[in-house]
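Novice: Got a sequence here, can you model it:
(one chain, ligands or ions: 2)
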Amino acid sequence: MRDLISVLNLVFCLFFTLGLVDVQSQMIAVCPDYSVSYHGSCYIFGFGQTMLVHQADKFCRDNHDGHVVEVNTRNESSFLKNYMNRLPRTENYWLGMTDERTEHEWRWFNTDTQVSVFDWSPGDPDNVPTDEDCAIFWSDAGYKWADVPCSTFKAEPVCELSLLDETEIIG
Ligand SMILES: [Ca+2]
Ligand SMILES: [Ca+2]
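Specialist: Residues are numbered from 1 along each chain as shown. Ligands and ions are numbered 1, 2, ... in the order given. Next up, the predicted model:
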């Protein structure tokens with residue numbers, strides 16, 4: 001009987017410990033090894049494949065439980081632009097925003113909130129030659145933004161994972 005109690009104690013301790021480890025791992029804000037982190041977000045770059053924006057959106061959700069990058073602050077914008085300019089490659093990257101519903105009113109796909117910080121390249125957004133309702137970090141403009149057609153343009157995704165509420169981290 002004493003042996004049985006010992007065994008039950010051991011099993012309980014084991015489950016308790018495992019449970020505790022699990023709780024702790026959910027509380028610790030750590031980005032995956034293959035990502036870069038900045039102020040509560042992880043960014044995953046360099047998939048080596050270009051795709052349409054709706055494919056990029058699905059790609060980030062399905063593979064990384066994240067979304068195509070959203071730029072919420074000037075600092076985040078600078079961080080991403082500087083990072084892209086240092087990468088040894090020249091690719092265009094998707095932003096997770098569109099002005100499909102109302103021209104010139106840009107909204108984030110992920111949260112359906114209005115975009116408040118922009119970093120357009122000179123002359124953009126121009127919405128020509130065709131309807132251009134999606135946007136990229138444009139390599140030719142030092143990764144300032146350009147509007148492009150959603151249904152035909154291909155670029156690489158940058159997936160963003162938010163670890164904590166960003167408003168808790170700013171300042
Ligand atoms: Ca963001
Ligand atoms: Ca447009």
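
Novice: Tell me, how many residues neighbour residue 85?
Specialist: 11 (other CB atoms under 10 Å). The way it works is simple: take the backbone N, C-alpha and C, and place the C-beta from them, glycine included.

Novice: part of a helix, is it?
Specialist: Yes. Under DSSP: H, G, I helix; E, B strand; the rest coil, residue 85 falls within a helix.

Novice: That one reaches residue 140, doesn't it?
Specialist: No. Using CB atoms under 8 Å, residue 85 makes no contact with residue 140, being 12.0 Å away.

Novice: and residue 80, what element?
Specialist: Here residue 80, judged by DSSP states H and E, is contained in helix 74-86.

Novice: Show me which positions of that helix end up buried.
Specialist: Neighbour counts over helix 74-86 (16 or more other CB atoms under 10 Å) mark 76, 77, 79, 80, 81, 84 as buried.

Novice: Let's have those in JSON lines, adding pLDDT and distance to residue 97.
Specialist: Shown next, in JSON lines, are the buried residues of helix 74-86 (pLDDT from 0 to 100; distance: CB to CB, whole Å):
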{"residue": "76", "pLDDT": "97", "distance to residue 97": "13"}
{"residue": "77", "pLDDT": "97", "distance to residue 97": "12"}
{"residue": "79", "pLDDT": "97", "distance to residue 97": "17"}
{"residue": "80", "pLDDT": "97", "distance to residue 97": "13"}
{"residue": "81", "pLDDT": "97", "distance to residue 97": "16"}
{"residue": "84", "pLDDT": "95", "distance to residue 97": "17"}
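
Novice: which of those residues sit farthest apart?
Specialist: Spatial extent of the buried residues of helix 74-86 (CB to CB) is set by the pair 76 and 84 at 12.5 Å.

Novice: For the protein, what lies in contact range of ligand 2?
Specialist: 99, 127, 132, 133 (CB under 5 Å from the ion).
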